[in-house]
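Colleague: next comes the sequence, and after it the predicted model I'd like to discuss.
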Amino acid sequence: MQCVFSLLAGTLFPAIGFADLFVSSFNENSVQRYSDAGVFMSEFISANDNGLNLPHRGIFLNDGDFYLTSAGDDRIMRYDGDTGDYISDFIAGNGLLDYPVDLKLGPDGDLFISSQLNHSILRYDFDSSTLSTFVSSGSGGLSQPSGIDFGPDGNLYAAGRASGSVHIYDGDTGTPVSGSIFATSSGENFGLEWGDDGILYLANASGEIRHFNSSGTALGA
């Protein structure tokens, strides 16, 4: 199971099979749980739990556990998906992680992570338990990647917070696709998500969510 929508910094939307809404409180270092009607239910992960530092986005995986980026100290943390109890640091002390922001499962079952401050995208292989660089630093003009998602074409799309563009990378190799700028948006870009309707949704620092069709044509906010 995985989160299906995570557009805004610090916001976790319902996972497949869940009716609840999980919201990371970036400034309070916690995760709150709400009903699908927006009613507060509980603090799912308590403030500063096991050093949680600047949580951004999380994902429920097929094991039922909840994986959360702790951007302030370069960790991916693992919590029980039912209780929110801390299990372990899933990835920590690895020199590749530098302010991790977004998490996405790829079509191959690997976990992809945007590493914002070294301008790269990482790949975690569950079979070999190894973390490696998938999109190298600055490749294709990428600067401070935030939201990432795989498109209907199987390619990886990344919102460059500082570059102001949505970049496209080959979903198998991580190399820039020809004409690798899919779209541009004024100001900083944050979250990015492909909807089931074939529309790409992009959140920016102006508080807007922009819409783009599969050709990169802007459809408005």
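Modeller: Good, I have the coordinates. Numbers count the residues shown, from 1 in each chain.
Colleague: CA atoms only: put the helix or strand residue 158 falls within into PDB for me.
Modeller: Element membership for residue 158 (DSSP states H and E) is strand 156-160. Below are the C-alpha coordinates for strand 156-160, written out as PDB (Å, rounded to 0.1, in the frame of the first residue of the first chain):
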ATOM      1  CA  LEU A 156      10.200   9.600 -13.600                       C
ATOM      2  CA  TYR A 157       9.000  13.200 -13.200                       C
ATOM      3  CA  ALA A 158      10.700  15.500 -10.600                       C
ATOM      4  CA  ALA A 159       9.700  19.000  -9.500                       C
ATOM      5  CA  GLY A 160      12.800  21.100  -9.100                       C
END
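Colleague: partner strands of the following helix or strand past that strand and their direction?
Modeller: Counting by DSSP H and E, the next helix or strand C-terminal to strand 156-160 is strand 165-169. Taking DSSP bridges as the criterion, strand 165-169 pairs within the sheet with strand 156-160 (antiparallel), strand 176-184 (antiparallel).
Colleague: now do the strand holding residue 158, average pLDDT.
Modeller: Strand 156-160 shows a mean pLDDT of 95 in the predicted model.
Colleague: show residues contacting it.
Modeller: Applying C-beta atoms under 8 Å, 6 or more residues apart in numbering, the contact partners of strand 156-160 are 106, 112, 114, 121, 134-135, 141-151, 166-171, 174, 182, 189-192, 194, 200, 202. (C-beta placed from N, C-alpha, C; glycine too.)
Colleague: ok so, going back, out of the strands paired with strand 165-169, deepest packed?
Modeller: Per-residue neighbour counts averaged over each of these give the maximum for strand 156-160, namely a mean of 28 (mean count of other C-beta atoms under 10 Å).
Colleague: what about that one, distance to the chain center?
Modeller: Averaging C-alpha positions (C-alpha atoms, centre = their mean, to the nearest Å) puts strand 156-160 10 Å from its chain's average.
Colleague: tell me, what residue is most central in the protein?
Modeller: Nearest to the mean C-alpha position of the chain, counting by C-alpha atoms, centre = their mean, stands residue 102 at 2.1 Å.
Colleague: list the residues that contact the closest residue to that residue other than its chain neighbours.
Modeller: Counting by C-beta to C-beta, 6 or more residues apart in numbering, residue 102 lies nearest to residue 114, which is 4.5 Å off, once chain neighbours are set aside. Going by C-beta under 8 Å, 6+ apart, residue 114 touches 100, 101, 102, 121, 122, 145, 146, 147, 148, 158.
Colleague: can you pull the pLDDT of residue 114?
Modeller: According to the per-residue confidence, residue 114 scores 98 in pLDDT.
Colleague: distance between the ends of stretch 169-178?
Modeller: 9 Å (C-alpha to C-alpha, to the nearest Å).
Colleague: I misspoke; the intended subject was stretch 169-180.
Modeller: Across its full length, stretch 169-180 reaches 7 Å between end residues, using C-alpha to C-alpha.
Colleague: among the contacts of strand 156-160, which ones are buried?
Modeller: For the contacts of strand 156-160, a burial check counting by 16 or more other C-beta atoms under 10 Å picks out 106, 112, 114, 121, 134-135, 142, 144-151, 166-171, 174, 182, 189-192, 194, 200, 202.
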